[in-house]
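A.B. asks: below are the sequence and a predicted model for it; my questions follow.
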Amino acid sequence: MQETKPLVLHKTMIAMEHLLLPYGFIRCHKKCMVNPLFVGSLMDRSCMMTDGRRIQVGISYYQKVKEYFQKKDN
């Protein structure tokens, strides 16, 4: 698997949300968005990524993220 580096951008998270929403990204934390195609599972308020990384889901985002994956599974 190819190692990737974080992408550093100088935009607000709200601006990034508007840019990435059409591509399916979802906000899971005040500092993070994820591409659901690379989320293997949701457990213990975390997104378990397909590459083994664990991304914390913020309390205020948890219900929305949980509902997204419940709809996806149905």
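C.D. replies: Looks like it came in fine. Residues are numbered from 1 along each chain as shown.

A.B. asks: just grab the bridge partners of the residue nearest the centre of the chain for me.
C.D. replies: Nearest residue to the geometric centre of the chain (Cα atoms, centre = their mean): V34, 2.3 Å. Beta-bridge pairing of V34, defined through DSSP bridges, involves I26.

A.B. asks: that one against I26, yeah?
C.D. replies: Yes: between V34 and I26 there is a contact under Cβ atoms under 8 Å: 6.1 Å. Backbone N, C-alpha and C define where each C-beta goes, glycine included.

A.B. asks: might you report the residue contacts of Y23?
C.D. replies: By Cβ atoms under 8 Å, 6 or more residues apart in numbering, Y23 lies in contact with N35.

A.B. asks: the one 4 residues further on too?
C.D. replies: The neighbourhood of R27, defined by Cβ under 8 Å, 6+ apart, consists of M13, E17, M33, Y61.

A.B. asks: same thing with L19?
C.D. replies: L19 neighbours (Cβ under 8 Å, 6+ apart): K11.

A.B. asks: how would you label K66: helix, strand or coil?
C.D. replies: helix (DSSP: H, G, I helix; E, B strand; the rest coil).

A.B. asks: could you report the neighbour count for it?
C.D. replies: Close neighbours of K66, defined as other Cβ atoms under 10 Å, add up to 13.

A.B. asks: distance check, the spatially closest residue to it that is not a sequence neighbour against D73.
C.D. replies: With Cβ to Cβ, 6 or more residues apart in numbering as the criterion, K66 has its nearest non-adjacent residue at 6.4 Å, and that residue is L42. Applying Cβ to Cβ, to the nearest Å, the value for L42 to D73 is 10 Å.

A.B. asks: neighbour count for those two, which is higher?
C.D. replies: L42 (18 against 6).

A.B. asks: what strand or helix carries that one?
C.D. replies: strand 39-43 (DSSP states H and E).

A.B. asks: in that strand, which residues are buried?
C.D. replies: Neighbour-count burial for strand 39-43, counted by 16 or more other Cβ atoms under 10 Å, picks out V39, L42.
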